[in-house]
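Novice: Have a look; sequence and predicted model below, questions after that.
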Amino acid sequence: MAGLIRATALVSAARRLFRSSEASLILLSVGVGILAGLLASLLGKAAWIMQSLLYGLGTDLRLSGLVSISPARLLALPIGGLVLGALVLFTRRKKRTSIDVVEANALHGGRIPLRDTTMVCGQTLISNSFGASVGLEAAYAQAGGGIASLIGQWLNLRRGDLRVLVGAGSGAAIGAAFGAPLTGAFYAFEIVIGAYTPASIAPVVAATISAVITARTLGATPYLIAAQSSQHLSAANYILYAGLGLIAALLGIAIMRLVSLAEAGVRRTAIPEWLRPALGGAILIPLALMTPHVLSAGHGALHLTIAGNIALGALILIFALKSLASIVSLGFGFRGGLFFASLFLGAVLGQIFARLWAFVPDGIPLSPMDASLVGMAALAAAVVGGPMTMSFLVLEATHDFEITAVVLTAALCSSTLVRERFGYSFSTWRLHLRGEVVRSARDIGWMRTLTARRMMRTAPATASPAMPVKAFREHFPLGSTSRVLLQDEQGHYAGLVPTAAAFADPAQTERPVSDFAILKDVTLSPDMSIVPIMELFDSSAADDLAVVDAQGRIVGMLTERYVRKRYADELDRAQRELYGED
């Protein structure tokens with residue numbers, strides 16, 4: 001008993017320490033980074049072992065880098081689909097979709113259930129291991145963010161600190177996979193946390209550095225190879241590559257929309273959900289027979305594309321087939337992301353751009369290597385988001401600041417056009433399709449807790465619509481209340497009467513007060529959150545609105561002034577917590 005008391009006291013002391021000390025949060029982030037690096041290494045190794053067994057890979061080979069594959073081995077694709085389908089059947093009682101790190105930080109204050117982390121990692125690992133055209137990055141980010149969320153919840157961290165820790169864990173796992181700590185850090189800032197803040201810089205960077213060191217110590221092979229810019233870059237190169245960034249943005253939007261169209265089309269068919277991945281795997285077989293570059297995330301194929309001298313026609317075919325393979329894989333139910341696929345497709349796009357530009361008479365020469373690096377970052381920035389993330393990825397791959405400046409230009413052009421014309425990254429687009437109004441990982445979950453039910457004033461002044469104006473004046477003299485809600489004999493809302501309106505004409509005494517009612521058809525529901533509430537106040541130009549339940553009965557009332565004050569107060573609190581000022 002005494003030992004249990006001491007253990008409980010120790011846990012309580014640890015929770016107080018991590019809630020009150022920034023240095024302790026940094027130390028905690030180092031531990032999370034080590035775990036994230038370990039998990040990323042294990043996931044990557046497990047996927048490679050599975051692919052080696054299924055496809056007979058050599059020691060230094062990647063699946064997408066093979067020249068050809070036996071048709072018999074490609075039967076692994078539909079078999080993997082059946083395995084994934086069996087998992088769907090096993091978990092079919094689970095009604096909701098698993099929470100990923102972006103949704104967790106945007107809507108749930110960084111809270112991710114262990115079951116969801118296990119599900120996302122397991123489904124992504126199965127999909128990638130059997131060769132579907134998806135990357136493991138979703139599993140890496142989920143594993144790192146998920147373990148960080150569990151630790152943070154156990155320590156009862158503040159909402160802002162928990163979100164930072166989840167971002168640090170996700171970024172650390174990505175950094176470990178690419179051997180690139182700055183890339184992982186900016187992935188956390190741009191994709192998972194949604195902001196750069198002084199309070200988050202040290203924990204995130206500490207986590208990514210410790211994760212990369214852990215992965216290197218374990219002998220994990222980073223995804224990207226070293227590449228070098230091959231020419232001096234002039235001002236004209238900036239303009240040309242900015243154009244490449246805009247092209248990448250349009251193609252990125254097209255790919256994201258095609259994935260959603262494929263998913264919607266498959267859902268409308270009579271194909272059972274558990275059978276869809278197997279059918280998708282069967283469709284991938286002829287694509288893989290044409291070129292194995294379409295399989296898995298595309299690590300081996302990216303190396304060949306950057307370093308090789310592939311003909312223009314072959315590049316166009318590879319781009320089309322890889323895009324189709326990714327759309328089929330995600331559309332038919334394989335789990336994963338487009339992070340590395342967009343890097344590979346962007347590299348191919350850059351090569352195509354350079355080859356086509358070579359046909360322009362008297363045009364300045366473009367290096368296919370440089371164009372690959374620029375296209376890689378620009379398309380990934382369009383699909384994944386995070387122009388700084390992709391720019392640092394190129395910097396850590398090339399160690400060349402000159403090409404990185406051009407890459408940043410293209411990535412910013414790409415991400416700006418996507419925000420202007422589309423408004424979503426791939427992860428937030430999928431949330432949008434589920435009905436969530438999320439455009440980044442910025443914390444908007446607190447807004448959902450501010451519902452009309454929580455903010456309303458109960459027991460507002462009410463009167464019968466048939467009450468004569470004379471009686472109304474006696475019950476509600478000027479100064480007693482600024483408005484009265486009308487409630488009929490069945491208890492239903494029948495409008496709102498400004499008190500002053502009933503006193504405007506002294507001669508009007510026998511008319512029913514309902515003649516002065518306004519906003520008869522404009523009400524709030526109890527579960528409506530604060531943003532739609534403010535939008536309704538704006539559209540109706542009302543100062544007060546009744547809160548009415550599904551049966552039309554009055555349950556309360558809200559004033560616009562109070563709603564906007566409450567919003568400002570909560571927003572200020574969230575900002576202070578985000579910037580570590582509490």
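Specialist: Thanks, I have the structure now.
Novice: For the stretch 101-250 of the chain, which segments count as strands?
Specialist: Here the stretch 101-250 of the chain has no strands by DSSP state E, counting those that start in this stretch.
Novice: Can you give me the neighbour number for the spatially closest residue to residue 470 that is not a sequence neighbour?
Specialist: Excluding the flanking residues, the one nearest residue 470 by Cβ to Cβ, 6 or more residues apart in numbering is residue 509, at 4.1 Å. Bear in mind the C-beta positions are built from the backbone N, C-alpha and C, glycine included. Counted with other Cβ atoms under 10 Å, the neighbours of residue 509 add up to 13.
Novice: Name the spans of the stretch 401-550 of the chain whose pLDDT lies under the cut-off.
Specialist: 432, 435-447 (pLDDT under 70).
Novice: whoops, the chain was the one
Specialist: Residue ranges of the chain with pLDDT under 70: 1-20, 92-95, 224-231, 307-308, 432, 435-447, 571, 573-582.
Novice: where exactly do the strands run in it?
Specialist: Secondary structure of the chain (DSSP state E): strands at 462-463, 483-487, 493-498, 544-548, 554-559.
Novice: could those go into JSON lines alongside mean neighbour count and distance to residue 252?
Specialist: Output for these, formatted as JSON lines (neighbours: other Cβ atoms under 10 Å; distance: least, Cβ to Cβ, whole Å):
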{"stretch": "strand 462-463", "mean neighbour count": "17", "distance to residue 252": "55"}
{"stretch": "strand 483-487", "mean neighbour count": "23", "distance to residue 252": "51"}
{"stretch": "strand 493-498", "mean neighbour count": "22", "distance to residue 252": "48"}
{"stretch": "strand 544-548", "mean neighbour count": "24", "distance to residue 252": "41"}
{"stretch": "strand 554-559", "mean neighbour count": "21", "distance to residue 252": "41"}
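Novice: how about these in CSV, adding distance to residue 62?
Specialist: CSV is the format used below for the strands of the chain (distance: least, Cβ to Cβ, whole Å):
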stretch, distance to residue 62
strand 462-463, 71
strand 483-487, 68
strand 493-498, 65
strand 544-548, 59
strand 554-559, 58
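Novice: between those, which gets nearest to residue 172?
Specialist: strand 554-559 (43.5 Å; Cβ to Cβ).
Novice: if I look at residue 147, how far off is residue 31?
Specialist: From residue 147 over to residue 31 the distance is 10 Å, taken as Cβ to Cβ, to the nearest Å.
Novice: Identify the residues contacting the closest residue to residue 136 other than its chain neighbours.
Specialist: Of all residues not flanking residue 136 in the chain, residue 128 sits nearest, at 5.0 Å (Cβ to Cβ, 6+ apart). Counting by Cβ atoms under 8 Å, 6 or more residues apart in numbering, residue 128 touches 47, 134, 135, 136, 139, 296, 297, 336.
Novice: Just the buried ones among those residues, please.
Specialist: Neighbour counting by 16 or more other Cβ atoms under 10 Å classes 47, 134, 135, 136, 139, 296, 297, 336 among the contacts of residue 128 as buried.
Novice: For the third one, name its beta-bridge partners.
Specialist: To tie it back to what came earlier, the one meant is residue 135. residue 337 (DSSP bridges).
Novice: Just confirm it contacts residue 339, I think it does.
Specialist: Yes: counting by Cβ atoms under 8 Å, residue 135 touches residue 339, with 5.1 Å between them.
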